[in-house]
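1. only geometry, no sequence info:
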């Protein structure tokens, strides 16, 4: 899995993740860089678009419960009202890193 990096961009954190969209769970990799949050879906016969979220477009970062024990839900709401829901382990550390860049 490869992404195109912008000039002076470095990866801060990356993890296997899933993106929840209209009842579908799309597996892929969630990548936090010094300039953006990037979700790269796995290629599994279906074509899904990559997701890019820039810090100046983030309105809110919050948790949601996806299971009773060890929840992994992380929601990133953009200023245009789009809610991007990800399932990622160690969501508290993801939250802290995202808040630092905003």
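-> Arrived safely. From a predicted model like this one, the values you see are computed outputs, not experimental measurements. Numbering: from 1, shown residues only.
2. Could you list the low-confidence segments of this protein?
-> Scanning the chain for pLDDT under 70 picks out 1, 45.
3. From residue 42, how far out is the closest residue to residue 34 other than its chain neighbours?
-> The spatial neighbour of residue 34 that comes closest, neighbours along the chain excluded (CB to CB, 6 or more residues apart in numbering), is residue 10 at 5.0 Å. Yep, even glycine has a C-beta here, placed from its N, CA and C like the rest. According to CB to CB, to the nearest Å, residue 10 stands 23 Å off from residue 42.
4. So between those two, which is more surrounded?
-> Higher neighbour count among residue 10 and residue 42: residue 42, with 14 against 8, using other CB atoms under 10 Å.
5. Settle this for me: the more buried one is touching residue 28, isn't it.
-> Yes: in this structure, residue 42 is within contact of residue 28 by CB atoms under 8 Å, at 5.1 Å.
6. all helices of this protein, in order?
-> Assigned by DSSP state H, the chain shows helices spanning 91-101.
7. give the contact list for the spatially most central residue of the chain.
-> The centroid of the chain falls nearest to residue 30 when counting by CA atoms, centre = their mean (4.9 Å). Going by CB atoms under 8 Å, 6 or more residues apart in numbering, residue 30 touches 14, 15, 16, 17, 37, 38, 39, 86, 88, 94.
8. which among those end up buried?
-> The neighbour-count test (16 or more other CB atoms under 10 Å) marks 17, 37, 38, 39, 86, 88, 94 as buried among the contacts of residue 30.
9. right, and out of these, which lies closest to residue 80?
-> residue 37 (15.1 Å; CB to CB).
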